[in-house]
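J.: Sequence first, predicted model second:
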Amino acid sequence: MKKILWTNFIAAILLLSFSVCKAQDNYQPGYIILNDGIRVAAFITLNDDAPWYNQRYIRYKDSTAFAADPNVKSKKIKVDDMKCFQAGTRIFDKIHYVNMENLQLKSMGTNDHMMERLAMGRINAHRFYQYPQDFVVYLASDDEVAQKEAEKKNDLIKGYKILVQKDDETKLHDAFDFDLQKYFKDTPEVLEKFQSGGYGNQPIAAHMSLAQRMISLAKKSAFKPEEADGIIAALNDYNDKNVGKK
């Protein structure tokens with residue numbers, strides 16, 4: 001039977017509860033840097049099932065308390081109260097970013113986000129996940145709603161951005177839609193390798209027809225993880241070759 005379902009709030013609560021439960025046993029050693037610079041050694045759990053939540057808050061256990069009792073109750077810390085944190089080998093920095101493509105009612109918090117660091121140097125890069133919609137109405141059955149929610153969640157996970165900025169830039173660019181050749185032009189060996197697809201990215205032709213550009217964009221979309229790995233490899237290679245330069 002068809003019915004109107006006001007599902008976003010309920011679905012979000014259920015999804016968050018399920019995701020948090022899944023993550024509870026996955027505590028990794030790391031640390032948190034608070035806004036005042038104090039470093040807190042901690043065991044931190046990340047939400048990989050709904051990674052946008054890591055951008056708003058994390059749950060952690062103080063290392064001393066964890067050593068005494070691994071089952072000690074976890075604490076919650078929000079983006080407003082920290083500058084960065086590391087969980088295992090992954091580092092997250094607080095980045096201010098207004099996502100103009102998906103302005104919402106601020107139901108999820110501020111425009112500060114804890115983003116995973118992908119490159120650091122003359123070019124900084126961080127991964128940004130968009131958030132679920134603030135509000136949505138479906139005219140569908142329960143099964144259809146569940147399918148739509150699963151599809152939207154999958155789209156959010158696959159649709160992340162790699163936000164980059166070079167030197168003293170203040171504006172963040174999405175590396176998937178930005179001409180990175182502008183960043184690499186002062187380091188010819190990186191530029192040439194990137195243009196040829198040597199990092200695993202899609203090759204860049206000097207002059208492409210409309211059909212060729214469409215095919216290239218389709219490949220980037222279809223093979224986004226590989227394209228992302230290539231972009232990140234190029235950024236880190238550039239930074240390694242430009243240590244101390246500007």
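T.: Great, that's in hand.
J.: wait, doesn't Phe178 sit right on Leu163?
T.: No: if you go by Cβ atoms under 8 Å, Phe178 and Leu163 don't touch, sitting 9.5 Å apart. Any C-beta I mention is one placed from the backbone N, CA and C, and that applies to glycine too.
J.: Please say which of these two ends up with more neighbours.
T.: Leu163 (22 against 15; other Cβ atoms under 10 Å).
J.: Kindly format the C-alpha coordinates of the host helix or strand of the more buried one as PDB.
T.: Leu163 is part of strand 161-166, with elements assigned from DSSP states H and E. The C-alpha coordinates for strand 161-166 follow below in PDB (Å, rounded to 0.1, in the frame of the first residue of the first chain):
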ATOM      1  CA  LYS A 161      35.100  15.100  -2.500                       C
ATOM      2  CA  ILE A 162      38.900  15.600  -2.300                       C
ATOM      3  CA  LEU A 163      39.200  19.200  -1.200                       C
ATOM      4  CA  VAL A 164      42.600  20.800  -2.100                       C
ATOM      5  CA  GLN A 165      44.300  24.100  -1.600                       C
ATOM      6  CA  LYS A 166      47.800  25.200  -2.400                       C
END
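J.: CA atoms only for stretch 233-246, dumped as CSV, please.
T.: Backbone C-alpha positions of stretch 233-246 (Å, rounded to 0.1, in the frame of the first residue of the first chain) are rendered in CSV as follows:
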residue,chain,number,x,y,z
ALA,A,233,49.6,9.8,-5.2
ALA,A,234,50.3,12.8,-7.4
LEU,A,235,49.7,15.3,-4.6
ASN,A,236,52.0,13.5,-2.2
ASP,A,237,54.7,13.1,-4.9
TYR,A,238,54.4,16.9,-5.6
ASN,A,239,54.8,17.6,-1.9
ASP,A,240,57.8,15.3,-1.5
LYS,A,241,59.5,17.1,-4.3
ASN,A,242,58.7,20.6,-3.0
VAL,A,243,59.6,20.3,0.7
GLY,A,244,60.8,23.7,1.9
LYS,A,245,59.9,25.4,-1.4
LYS,A,246,57.2,28.0,-2.2
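J.: now that stretch, how far from the centre of its chain.
T.: The chain centre lies 21 Å from the centre of stretch 233-246; the measure is Cα atoms, centre = their mean, to the nearest Å.
J.: Just the residues contacting it, thanks.
T.: By Cβ atoms under 8 Å, 6 or more residues apart in numbering, the list of residues contacting stretch 233-246 from outside reads 118-123, 125, 164, 167, 175, 180, 183-184, 186-187, 189-190, 193-194, 199-201.
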